[in-house]
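A.B. asks: Okay, predicted coordinates and the sequence, questions at the end:
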Amino acid sequence: DTATYDVQDEDDTSKLIRLPWSHVMRLSTGTEACFEKGADCMAIFPETTSFYKAKVSKAPLWKLDRYTGVPAVKEIIVKFEDDEDGTGNTPHRRVPSRYVIPVPAQYFYDEDADVDLTTPSATA
């Protein structure tokens with residue numbers, strides 16, 4: 001499929017970026033049951049517009065939406081990678097569920113998948 005989306009960074013509204021549909025991910029509505037305690041995810045770090053790797057640190061709490069009556073998760077509590085405080089503890093952070101998405105694994109570099117690209121030495 002050749003469909004594309006024009007997206008705009010909320011922090012830099014001066015330019016549009018055209019992306020293939022396969023690189024665009026719909027945000028959650030909170031009604032999907034895709035996160036459990038311990039699950040890896042991407043979440044928007046509080047007071048930013050950037051997604052960072054995180055881990056769900058507490059089981060999500062389902063509540064009935066007062067307008068629709070549909071069960072939903074309003075927020076997910078996560079711990080972000082590299083977010084240690086001065087004492088070395090990683091704080092639990094509350095993130096609205098719509099800003100928590102599954103980790104798109106194919107976009108991350110895995111050091112365990114390193115391949116030696118050096119030319120083998122010639123032996124006589």
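C.D. replies: The structure has been received and is ready for your questions.

A.B. asks: Disregarding residues adjacent in the polypeptide, which is nearest to Leu16?
C.D. replies: Once flanking residues are discounted, Leu16 sits nearest to Asp6: 4.6 Å by Cβ to Cβ, 6 or more residues apart in numbering. Where you see a C-beta, it was placed from the backbone N, CA and C, and this is true even at glycine.

A.B. asks: mind pulling up the phi and psi values for the residue positioned nearest the centre of the chain?
C.D. replies: Closest residue to the average C-alpha location of the chain: Met42 at 1.5 Å, with Cα atoms, centre = their mean. Met42 adopts backbone torsions of phi -120, psi 140, taken as degrees, to the nearest 10.

A.B. asks: same question, Leu19
C.D. replies: Dihedral angles (degrees, to the nearest 10) for Leu19: phi -130, psi 150.

A.B. asks: Number of residues surrounding it?
C.D. replies: By the other Cβ atoms under 10 Å criterion, the neighbourhood of Leu19 contains 12 residues.

A.B. asks: ok, now which ones touch it?
C.D. replies: By Cβ atoms under 8 Å, 6 or more residues apart in numbering, Leu19 lies in contact with Thr4, Tyr5, Asp6, Val7.

A.B. asks: what pairs with the last one across the strands?
C.D. replies: Okay, so that is Val7. Applying DSSP bridges to Val7 gives these bridge partners: Ile17.

A.B. asks: mind checking how far it is from Lys79?
C.D. replies: 28 Å (Cβ to Cβ, to the nearest Å).

A.B. asks: which of these two has more neighbours?
C.D. replies: Taking other Cβ under 10 Å, Val7 and Lys79 do not tie; Lys79 has more neighbours (17 against 12).

A.B. asks: hey, what's the more buried one bridged with?
C.D. replies: Note on Lys79: beta-bridge partners by DSSP bridges are Lys55.

A.B. asks: same thing with Met42?
C.D. replies: On the basis of DSSP bridges, Met42 is bridged to Lys53, Ile101.

A.B. asks: what about Asp82, how many neighbours?
C.D. replies: Residues near Asp82, counting by other Cβ under 10 Å, number 7.
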